[in-house]
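*Asks:* Next one to model:
(chains A and B)
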Amino acid sequence: GAVVSQHPSWVICKSGTSVKIECRSLDFQATTMFWYRQFPKQSLMLMATSNEGSKATYEQGVEKDKFLINHASLTLSTLTVTSAHPEDSSFYICSVPPPGGLFSGANVLTFGAGSRLTVL
Amino acid sequence: DQQVKQNSPSLSVQEGRISILNCDYTNSMFDYFLWYKKYPAEGPTFLISISSIKDKNEDGRFTVFLNKSAKHLSLHIVPSQPGDSAVYFCAAISMNRDDKIIFGKGTRLHILP
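*Replies:* Below is the predicted model:
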């Protein structure tokens, strides 16, 4: 699988500020990256699919203007939580599919280490 | 509607014994099933997968069994070790969902000394 770096691993911010989380694919160029969110004792919920050079595809119920995703290069996708509020506090995780996609035979999605956001 | 269900939020098993984690699904169109392991404050790591055309896949101490008629799969860990204490997520992929993985809520496994 891919080598994925996610930064920062932990961030605390004041309500109303914006926070940017970076996800990097270190060993190959990823045209697609996924952003997940996990609340305590809950499942990993897919928020959006980040597409290099085009707009992200958001899942139903995810606010596009709230969670800005930019995939400007083949190795970097960013998630910006705008005007963060305490209810946005969560664990955000990015992931990268293998080259050729999940149906290429190596159907392993590699995850970053995650970013814990706490909004005060 | 939750398509992948892990009905046991937690499980405790004695070290050296077998751990069995269960997962049920509702979509008969899933093509692959995967198990991920997650430690606190870390991203999930891939453990083992199984194609929908198989009924068993084994990798060392880990074996996944698939019962398509029951829409049920299970992960067996034997013997269980202290380092196996983690949250285990069952996940499924459907070719109709454009490379998206659907996760269950996870089961927290505690290995007791």
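*Asks:* Can you tell me which residue is spatially central in chain A?
*Replies:* With the centre of chain A defined as its mean C-alpha position, the nearest residue by C-alpha atoms, centre = their mean is A:W35, 3.0 Å away.
*Asks:* Chain neighbours aside, what residue packs nearest to that one?
*Replies:* Using C-beta to C-beta, 6 or more residues apart in numbering or on different chains and skipping the chain neighbours, the partner closest in space to A:W35 is A:M47 (4.6 Å). Backbone N, C-alpha and C define where each C-beta goes, glycine included.
*Asks:* From what I see, A:S115 and A:Q6 are in contact.
*Replies:* Yes - counting by C-beta atoms under 8 Å, A:Q6 is a contact partner of A:S115 at 5.8 Å.
*Asks:* Tell me the buried residues in the strand or helix carrying the residue nearest to A:W35?
*Replies:* Element membership of A:M47 [criterion: DSSP states H and E] is strand A:44-51. By neighbour count on 16 or more other C-beta atoms under 10 Å in any protein chain shown, the buried set for strand A:44-51 is A:L44, A:M45, A:L46, A:M47, A:A48, A:T49, A:S50.
*Asks:* Distance of B:L73 relative to chain A?
*Replies:* Distance of B:L73 to chain A, given as C-beta to the nearest C-beta, to the nearest Å: 15 Å.
*Asks:* Please apply the same query to B:I18.
*Replies:* 25 Å.
*Asks:* Can you report how many residues neighbour that residue?
*Replies:* For B:I18, the count of nearby residues is 13 (other C-beta atoms under 10 Å in any protein chain shown).
*Asks:* for the one 4 residues further on, same thing?
*Replies:* Neighbour count of B:N22, defined by other C-beta under 10 Å: 17.
*Asks:* hang on, it packs against B:Q6?
*Replies:* Yes - using C-beta under 8 Å, B:N22 is in contact with B:Q6, at 7.0 Å.
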